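S.K.: Quick check, what structure comes out for this input:
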Amino acid sequence: KIKKFKHRLIDLWVDEVGEDPSVASIIRPFKEMVDKKLSAVIGEAKVDLWPSREGESVLGNLIADSMRERAKADIAFQNPGGIRSSIPAGRITLRHAYTALPFDNTIVVMELTGGQIKEILEEALSDIKGKMQISGLRLRYDPTRPKGHRLINVLVGGKPVLITKNYLVATNSFLADGGDGYRTFLDGQERNDLGILLRDAFVDLVKAKSPLAPKSRPGQARVA
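M.R.: Model prediction:
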């Protein structure tokens, strides 16, 4: 039986305690192998690809586009918190893709009604978790209105969204499971996890469309 114990956490910062030579020698060949793979060039960016939590971003658009195109969906949603870094102009390497999208989220498709889509957008406009990155729809909103009533109109495929119509929606597995408080995704019908990593879909888009020179598009129009 354990009668008594004490413990403390010791942070082993490399710049303070250094590396263990024997462990470093074991890791070195694997690190070299990984570095070589991550240094592979997958495309080129003519401009900086930046994310944003405050609104639309060129990197958020590209990531959402990669989901929508891969899933052949009407709409795609990407949470801004899932994008962890920008990609500078120049050669894009696999390391850039892993740094921007470090989570192994897969693409999930489901059917949502126009009403449910509006619910998600209203939640996104509440400024709790940052503005949702979107593909396949355009919206106008008024940030001065009360939360839950900020949408003015939503267009899908250039047409007003219909409350009772079902739309095919793609998102990442984190959001599909209700991540960031988006519980409406849990009500989606005909749910199907494609088993395709979001990161892989983004890499394929970069390879197919390089050199990339995206501009902000009128996806979210703020009315004040």
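S.K.: in this structure, which spans are helices?
M.R.: Counting by DSSP state H, the chain has helices at residues 14-17, 21-38, 58-71, 94-100, 114-124, 173-176, 198-209.
S.K.: which stretches of the chain have low pLDDT?
M.R.: 216-224 (pLDDT under 70).
S.K.: Out of the helices of the chain, indicate the one that is most buried.
M.R.: Mean neighbour count, computed with mean count of other CB atoms under 10 Å, is highest for helix 58-71 among these, reaching a mean of 24. No exception for glycine: its C-beta is placed from N, CA and C like everyone else's.
S.K.: Columns distance to Lys131 on top of the helices of the chain, output as TSV?
M.R.: Below are these laid out as TSV (distance: least, CB to CB, whole Å):
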stretch	distance to Lys131
helix 14-17	37
helix 21-38	30
helix 58-71	9
helix 94-100	17
helix 114-124	6
helix 173-176	14
helix 198-209	18
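S.K.: Of those helices, give the one that comes closest to Asn153.
M.R.: Of all these, helix 114-124 sits nearest to Asn153, with 10.0 Å by CB to CB.
S.K.: Can you report how many residues lie near Lys131?
M.R.: 22 (other CB atoms under 10 Å).
S.K.: thinking it is in contact with Asn61, fair?
M.R.: No: with contacts counted by CB atoms under 8 Å, Lys131 stays clear of Asn61, the gap being 11.9 Å.
S.K.: contacting residues around the nearest residue to Lys147 once chain neighbours are set aside?
M.R.: Sequence neighbours aside, Ser126 is the residue nearest to Lys147 in space, at 4.7 Å (criterion: CB to CB, 6 or more residues apart in numbering). Neighbouring residues of Ser126 by CB atoms under 8 Å, 6 or more residues apart in numbering: 147-148, 150.
S.K.: Of those residues, which is the most crowded?
M.R.: Neighbour-wise, the contacts of Ser126 (other CB under 10 Å) top out at Arg150, 21 neighbours.
S.K.: correct me, but that residue touches Leu139?
M.R.: No: taking CB under 8 Å as the definition, Arg150 is not a contact partner of Leu139, at 9.6 Å.
S.K.: All set, thanks.
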